[in-house]
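J.: No sequence on hand, only this structure:
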């Protein structure tokens with residue numbers, strides 16, 4: 001895995017037109033950041049719902065709102081598909097014949113294996129697909145909650161295939177760097193294994209803890225301190241969105257859950273045996289990992 005830090009803005013490849021399809025929180029933030037950092041000369045947006053298109057039309061970070069996805073991509077150098085993971089490939093296939101020759105298409109989905117392969121197949125050889133996934137977000141959703149600062153100093157995975165066009169790869173990595181992200185270049189399969197452990201598993205742990213507590217006396221919650229609130233913050237995320245993400249990465253998520261169940265079992269076993277030294281070592285290992293997180 002290669003991690004690259006942000007270069008000077010003049011190192012970024014010139015983008016005449018950036019098109020963002022189906023913007024939510026990530027897409028709205030990308031458009032704001034691209035405008036603030038002069039990442040593209042022109043920004044075009046398409047959203048599936050007409051009321052969203054009308055709302056975005058007056059925004060200062062948008063030069064044009066297209067009525068169709070095909071019209072939005074026709075003269076774009078870089079197209080970002082910001083739809084949920086199960087909608088990315090259908091949308092890529094929809095625009096495949098409309099993109100100009102040599103255009104680059106990327107996405108922001110949190111699962112990459114199938115998307116990388118099928119995106120490449122849908123566009124090649126006319127255009128190029130390079131998957132990406134910014135590790136940034138919020139329990140809030142919607143383009144209106146976007147922020148130009150969302151990607152600053154955050155990791156963005158870029159997931160090329162062995163046959164990915166090198167120029168297209170440079171365009172996508174350069175784009176994310178100018179938005180302030182730290183780019184990590186990994187294979188799609190490795191990406192899915194990593195995020196199953198550091199993103200998808202934590203979501204399920206937070207959600208399952210709150211689900212478990214929902215079956216207890218509701219009055220207990222009024223006694224909770226910051227520990228419970230901090231631990232379960234992401235349990236407030238969109239359930240439908242996470243259902244789709246987990247479905248797309250279920251193989252790797254099941255491995256992560258199985259491994260975590262063994263870790264939790266080690267805690268339970270140490271307590272059952274009264275082996276407080278073993279329990280302390282487990283807690284210490286967790287503290288040390290948390291310390292490394294604070295240093296990043």
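T.: Perfect, thanks for sending it. Computed from a prediction, not measured in an experiment: that's the story for all the values here.
J.: Could you name the helices and strands sitting against the helix or strand encompassing residue 115?
T.: Using DSSP states H and E, residue 115 sits in helix 113-123. Packed against helix 113-123, as judged by 3 or more CB pairs under 8 Å, 6 or more residues apart in numbering; DSSP states H and E, are the following elements: helix 85-95, strand 104-107, strand 128-129, strand 131-134, helix 188-195. Heads up, the C-betas are built off the backbone N, CA and C, glycines and all.
J.: could you redo those as TSV and give each row mean neighbour count?
T.: Listed next are the helices and strands packed on helix 113-123 as TSV, based on neighbours: other CB atoms under 10 Å:
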stretch	mean neighbour count
helix 85-95	20
strand 104-107	27
strand 128-129	28
strand 131-134	25
helix 188-195	20
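J.: Please dump these into a markdown table; it should also carry mean pLDDT for every row.
T.: Below are the helices and strands packed on helix 113-123 laid out as a markdown table (pLDDT from 0 to 100):
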| stretch | mean pLDDT |
| --- | --- |
| helix 85-95 | 97 |
| strand 104-107 | 98 |
| strand 128-129 | 98 |
| strand 131-134 | 98 |
| helix 188-195 | 98 |
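J.: thinking again about what came up before, so the helix holding residue 115 versus helix 85-95, what angle?
T.: Helix 113-123 runs at 10 degrees relative to helix 85-95, counting by axes from the mean of the first three to the mean of the last three CA atoms, to 10 degrees.
J.: Of all the helices and strands packed on helix 113-123, which one is nearest residue 153?
T.: strand 131-134 (11.5 Å; CB to CB).
J.: Pull the residues that contact the closest one.
T.: Contacts of strand 131-134 with the rest of the structure, by CB atoms under 8 Å, 6 or more residues apart in numbering, involve 26, 106-110, 112, 115-116, 119, 150-151, 154-160, 172, 176, 181, 188, 191, 195.
J.: Show me the strands paired with that strand, marking each as parallel or antiparallel.
T.: Its sheet considered, strand 131-134 pairs with strand 155-159 (antiparallel) by DSSP bridges.
J.: can you give me how far the partner strand is from the chain middle?
T.: Taking CA atoms, centre = their mean, to the nearest Å, one finds the center of strand 155-159 at 9 Å from the center of the full chain.
J.: go on, stretch 235-243?
T.: On CA atoms, centre = their mean, the centre of stretch 235-243 falls 14 Å from the chain's centre.
J.: Please enumerate the helices of the stretch 101-250 of the chain.
T.: Along the stretch 101-250 of the chain, counting by DSSP state H, counting those that start in this stretch, helices occupy 113-123, 166-178, 188-195, 201-214, 226-231, 239-248, 250-273.
J.: quick one: contacts for residue 187?
T.: So residue 187 contacts 159-161 (CB under 8 Å, 6+ apart).
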